[in-house]
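# got a sequence here, can you build the structure:
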Amino acid sequence: MMDRLPYDVVYRISEELTSYTPDERRELIPFNHPSLLHAPAQKAHFDLRACALVCASWSIPASTVNVRNLYLRRATPETLASALSRDDRHLLVQSLQFGNEFCSDSHMPGQDSTDRKRCTNGVSMTTLLAALSMCQNVRNLAVYEWLELSTPIDYSTYTPGFSSITTFSLGYSLDPARTLDLRSFCMFLRLLPALKRLAFGDLRGTAKSISDIAPPDFALESLAVSDDRGIDFQSYEWLLARSARSLRTFWAYGVYGELVNESINRSLRMVAPSLRTLYYHAGCLADLDNGVFGSCTLLEELCIRDLTITSTSTIHTLPSLRKLILAATRIGIERREDGTELETLHFFYDYELHGLVDMLIRPREETFPKLEVLAIETDDVAPMRDPPYRELKALRAACEARSIEFQFSRMKEVEDYYADVRPVDS
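Here you go, the predicted structure:
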């Protein structure tokens, strides 16, 4: 029966295997916004290869989709030639991924970092440029591991660049010594004139000057940056030099440091008029009051993790804001009496939520005039220690009174905690 399915049906099945589910999007924080997703789920490549072995009639459609979304753990000239050697396959490739987010060859669950063997997956810049020169229809590019970064590259020989690429994601390498340096990153970006979506979180050498490198020609629509590794990227104005009117989505996640925040905030003031979505997991809310919120006339979705000055902030004046997300993602370590350690979630304080409630009970025309959704996002694993139950109830009630949808997946957990551990009056 399987061999009787029409080609179009098998092709559609294969395409579905490359689609993300909502749960998979959640696991990709901070790069899980739909406008930033591009590459298929990593396990899809193995599923597609299995489909190609079902029967002869399944082989061509499944293999075609697999080549369209080409994934190579270790890219060398030989493996690249083998994958693209026949039937003009290089013209079919639309998504290229090198390495994977967690190198399975060097990392096992529960394994101590000191016991890991060296990851041998990835791609050298030389091979990457050769692949892009060959695969002229690539739209989406993702690199998670690098090889042989010491080889000098003359980027000028690849101008005018690769105009088909619209999405580039630079992921985390398990070996910090094998991460791309800032100048190479900037030179490579100059070869992507049509880039629309960029996500990165792993660079080195960010203290080096790039004053001699002209800003890229692209006009970005989406930018996501994760600085959990302390890369100290301070060149946001350079990166967004031509994106003042085009940028719609800006994610800054885990960004710390005075100079870094200053660079982000200067660039935010530049792109604020065009922003529709802003995830600001960096700095303080006061930074956004300093010339950013006043220009965000089109901002519809805002995610913040700092509520310390909510009562004095101009956040409530955003004229187009429809969704406000409060992010409690910081994890701390609590030492128990028996000497063991427990990860706990740093949740919002009662006075922070109280300030937000005070805003919501005011007339709609005065505060959050178009707000439709108020959501609280947290790490779903780490336990909350004494979450502010009364304030959460008041926040939910204030939302209901204004027909604002209140989203907090752990509200039942908070209620059960106070019912079992810290009983309070209703």
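
# please count neighbours and contacts with C-alpha atoms only from this point.
Noted.

# got any ranges where this protein has weak pLDDT?
1-67, 86-87, 101-119, 174, 228-230, 309-311, 420-426 (pLDDT under 70).

# tell me where the stretch 251-400 of the chain has strands.
277-282, 301-304, 323-328, 331-335, 341-345, 373-378 (DSSP state E, counting those that start in this stretch).

# possible to save those strands as JSON lines with distance to residue 164?
Output for the strands of the stretch 251-400 of the chain, formatted as JSON lines (distance: least, Cα to Cα, whole Å):
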{"stretch": "strand 277-282", "distance to residue 164": "25"}
{"stretch": "strand 301-304", "distance to residue 164": "29"}
{"stretch": "strand 323-328", "distance to residue 164": "33"}
{"stretch": "strand 331-335", "distance to residue 164": "40"}
{"stretch": "strand 341-345", "distance to residue 164": "43"}
{"stretch": "strand 373-378", "distance to residue 164": "36"}
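
# of all the ones you listed, which one is nearest residue 142?
strand 277-282 (21.8 Å; Cα to Cα).

# so in that sheet, which strands flank the closest one, and in what orientation?
Strands that pair with strand 277-282, judged by DSSP bridges, come out as strand 249-255 (parallel), strand 301-304 (parallel).

# what angle separates that strand from strand 323-328?
Strand 277-282 and strand 323-328 are oriented at 20 degrees to each other (axes from the mean of the first three to the mean of the last three Cα atoms, to 10 degrees).

# buried stuff in strand 277-282?
277, 278, 279, 280, 281, 282 (16 or more other Cα atoms under 10 Å).

# stretch 175-193 too?
Here stretch 175-193 shows 178-184, 186-193 as buried, counting by 16+ other Cα under 10 Å.

# who are the packing partners of the helix or strand where residue 418 lies?
Applying DSSP states H and E as the criterion places residue 418 in helix 411-420. Contact here means 3 or more Cα pairs under 8 Å, 6 or more residues apart in numbering; DSSP states H and E; on that basis helix 411-420 packs against helix 389-401.

# which two in the buried residues of stretch 175-193 are spaced the farthest apart?
178 and 193 (25.8 Å).

# mind listing the helices for the stretch 151-300 of the chain?
Using DSSP state H, counting those that start in this stretch, the helices of the stretch 151-300 of the chain run over 182-189, 236-239, 258-271, 285-289.

# reformat these as a markdown table; add distance to residue 389.
Below are these laid out as a markdown table (distance: least, Cα to Cα, whole Å):
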| stretch | distance to residue 389 |
| --- | --- |
| helix 182-189 | 46 |
| helix 236-239 | 40 |
| helix 258-271 | 33 |
| helix 285-289 | 24 |
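
# closest to residue 298 out of those helices?
helix 258-271 (11.2 Å).

# so how far is that closest one from its chain's centroid?
19 Å (Cα atoms, centre = their mean, to the nearest Å).

# ok, now stretch 126-140?
The answer for stretch 126-140 is 23 Å, by Cα atoms, centre = their mean.

# count the neighbours of residue 72 for me.
19 (other Cα atoms under 10 Å).

# out of the buried residues of strand 277-282, who's nearest residue 389?
residue 281 (24.0 Å).

# now do the contacts for the closest one.
Residues near residue 281 by Cα atoms under 8 Å, 6 or more residues apart in numbering: 251, 252, 253, 254, 255, 303, 304, 305, 327.

# also residue 360?
Residues 367, 368, 398, 399, 402 are the ones in contact with residue 360 under the rule Cα under 8 Å, 6+ apart.

# distance check, it against residue 372.
12 Å (Cα to Cα, to the nearest Å).

# ok, now residue 273?
Taking Cα to Cα, one finds residue 273 at 21 Å from residue 372.

# do the same with residue 303
Residue 303 is 14 Å from residue 372, by Cα to Cα.

# same question, residue 411
19 Å.

# next one: residue 178
Taken as Cα to Cα, the span from residue 178 to residue 372 is 45 Å.

# returning to that earlier point: could you dump the strands paired with strand 277-282 into CSV with distance to residue 320 and mean neighbour count added?
Formatted as CSV, the strands paired with strand 277-282 follow (distance: least, Cα to Cα, whole Å; neighbours: other Cα atoms under 10 Å):
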stretch, distance to residue 320, mean neighbour count
strand 249-255, 15, 22
strand 301-304, 9, 20
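
# number of residues surrounding the closest residue in space to residue 322 that isn't next to it in sequence?
Spatial nearest neighbour of residue 322, chain neighbours left out: residue 371 (4.1 Å); criterion: Cα to Cα, 6 or more residues apart in numbering. By other Cα under 10 Å, the residues close to residue 371 number 24.

# residue 68 too?
What residue 68 shows, counting by other Cα under 10 Å, is a neighbour count of 20.

# that one against residue 93, yeah?
Yes. Using Cα atoms under 8 Å, residue 68 is in contact with residue 93, at 4.1 Å.

# now residue 129: how far from residue 218?
19 Å.

# let me redo that: residue 82
Counting by Cα to Cα, the gap from residue 82 to residue 218 is 33 Å.

# who's more crowded, the two?
Ranked by neighbour count (other Cα under 10 Å), residue 82 and residue 218 place residue 218 first, with 23 against 10.
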